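Participant: below are the sequence and a predicted model for it; my questions follow.
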Amino acid sequence: MIRFKILTYFAVGVFLLGVVATVEAGWMMQEKEGDQTLISKGRLKSSADNISWILDGPGNKVYFIDGHEKTYAIGTVEDYCGATTALVEQTMKNLPAEQRKLLEQMMKKDNKEARRTVSVIAAGDGGNIAGLKTVKYKVEVDGELYEEIWLATDSDLLNEFKSLKPMLRKFSTCASTFGTEFTPENSSEYLQLMERGVEVKSIAYTDGSPEPVTDVVKLEKKDLPESEFLVPRDYRQVTFGEMLKSQMD
């Protein structure tokens, strides 16, 4: 799925007024497995399996929409990260003492591993992918190939992402505080790479063998209805904490 990879996304005033019958220029990105991402006016909507994330760069809002439960949550990146932190802390608290101690030891160990060296190497012309020119890069961790990445550098597409960049950086900072595994994606070298273009293809080598991560097969300019970035009027609002907990149940 497209990185959040990482992950994902929002406008309160218009939200509560219902669907607006306007159309805005934007982009539609579709991956081989069917996941779809829409980009328009500094907003990004990523959908899969009737679950949608919307990032609203200009509005500094995050929306999490669950089509199965007909619920949604809205807030800032800080609100989302705070809810995630609280859930992790509560989960840790409810673990048996021995399991909690083991997990804490793993997290301490990983803090030391975070000092590993991440290198980004330009690999030249990446060819055309989904109709756009790309540049290829290799990411190495301690000298070992970790990932190959193809970035589209179309100026119109990059302009759509400009106001999203601060939010994506916040998400990366937030993500770096969770989990027990070393994540090159949260390194400064990796984040700087993501500033150079839009990821349309990537292959991971985390276990030594190639595994596709992002595989965009369609990327085109498209007029998008404003309703794509609005929450349906009959959906019930919940907190990020409630939404995250429901996804775990």
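Facilitator: Happy to help now that I have it. Residues are numbered from 1 along each chain as shown.
Participant: C-terminal to the longest strand along the chain, what's the next element?
Facilitator: Longest strand in the chain, counting residues (DSSP state E): strand 211-225. Counting by DSSP states H and E, the element after strand 211-225 in chain order, helix or strand, is strand 236-237.
Participant: residue 151: neighbouring residues, count only.
Facilitator: 23 (other CB atoms under 10 Å). Any C-beta I mention is one placed from the backbone N, CA and C, and that applies to glycine too.
Participant: before we move on, what about residue 130?
Facilitator: By the measure other CB under 10 Å, the count of residues near residue 130 is 17.
Participant: how about the contacts made by the nearest residue to it once chain neighbours are set aside?
Facilitator: Closest residue to residue 130 apart from its sequence neighbours, by CB to CB, 6 or more residues apart in numbering: residue 219 at 3.8 Å. Residue 219 sits next to 27, 28, 29, 30, 129, 130, 131, 132, 152, 157, 200 when contact means CB atoms under 8 Å, 6 or more residues apart in numbering.
Participant: can you check residue 58 too?
Facilitator: Contacts of residue 58 by CB under 8 Å, 6+ apart are 41, 42, 43, 163.
Participant: which element, helix or strand, includes residue 169?
Facilitator: Residue-wise, residue 169 maps onto helix 165-175 under DSSP H and E.
Participant: average pLDDT for that helix?
Facilitator: In this model, helix 165-175 has an average pLDDT of 79.
Participant: which parts of it are buried?
Facilitator: Neighbour-count burial for helix 165-175, counted by 16 or more other CB atoms under 10 Å, picks out 167, 168, 170, 171, 172, 174, 175.
Participant: what does stretch 187-206 give?
Facilitator: 187, 190-191, 193-194, 197-205.
Participant: next structured bit after the helix or strand of the chain with the lowest mean pLDDT?
Facilitator: Across the helices and strands of the chain, the lowest-confidence element by mean pLDDT, DSSP states H and E is helix 12-15, at a mean of 28. Going down the chain from helix 12-15, the next helix or strand is strand 23-31, by DSSP H and E.
Participant: right, I'll call it a day here.
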